[in-house]
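Novice: give me a 3D structure for the following:
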Amino acid sequence: MSKLLIVDDESDIREFAKSFFKKRGIDVFTAGCGKEALESADNDAPELILLDITMPDMSGVEVLKTLRERGNDVKVIMVTGIENEETVNEANSWGIRGYIHKPLILEELEKIVLAELNGS
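Specialist: Predicted coordinates:
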């Protein structure tokens, strides 16, 4: 079973996306902050992380940087509600698979996530 980690400080987004992907046969983990995301990445070994950029304790880019510095090359898709070219460039430099913009469009989200999990 594919493993997906959803990281977002908004619990309604996390739970909605979790339910959506569980119905598609994906093993889903969630984290509400950067610290939880790093713990889950270590403990649950997801194949893909949907990582919100804007969170209170540490940004998604800081989480991504920490993962890479630890040697974790998990696939990461950044999720953002803001357009900031500097942040985009920094995230790209740490090796991401792409971006998804909020508000989330389920058909787009499903297509991107399934493509990554299926190795396309």
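Novice: check whether Tyr99 sits in a helix, strand or coil.
Specialist: Of the three states, Tyr99 takes strand according to DSSP: H, G, I helix; E, B strand; the rest coil.
Novice: is it bridged to anything, and to what?
Specialist: Following DSSP bridges, Tyr99 is listed with bridge partners Met78.
Novice: surely Asn89 is in a helix?
Specialist: Yes: assessed by three-state DSSP, Asn89 belongs to a helix.
Novice: distance from the lowest-mean-pLDDT helix or strand in the chain to the middle of the chain?
Specialist: One helix or strand of the chain scores below all others by mean pLDDT, DSSP states H and E: helix 85-93, with a mean of 87. Here the centre of helix 85-93 is set off from its chain's centre by 15 Å, with CA atoms, centre = their mean, to the nearest Å.
Novice: which residues touch stretch 113-120?
Specialist: Stretch 113-120 is touched from outside by Ser2, Leu4, Phe21, Arg24, Ile26, Glu47, Leu48, Leu50, Lys75, Ile77, Arg97, with contacts defined as CB atoms under 8 Å, 6 or more residues apart in numbering. All C-beta spots, glycine's among them, are computed from the backbone N, C-alpha and C.
Novice: what residues of that stretch count as buried?
Specialist: Applying a neighbour-count criterion of 16 or more other CB atoms under 10 Å, one finds Val113, Glu116, Leu117 buried in stretch 113-120.
Novice: re earlier: and the contacts of stretch 113-120, which of them are buried?
Specialist: Ser2, Leu4, Phe21, Ile26, Glu47, Leu48, Leu50, Lys75, Ile77.
Novice: who are the contact partners of the fifth one?
Specialist: In other words, Glu47. Taking CB under 8 Å, 6+ apart, one finds Ser2, Lys3, Leu4, Val74, Lys75, Glu116, Leu117 in contact with Glu47.
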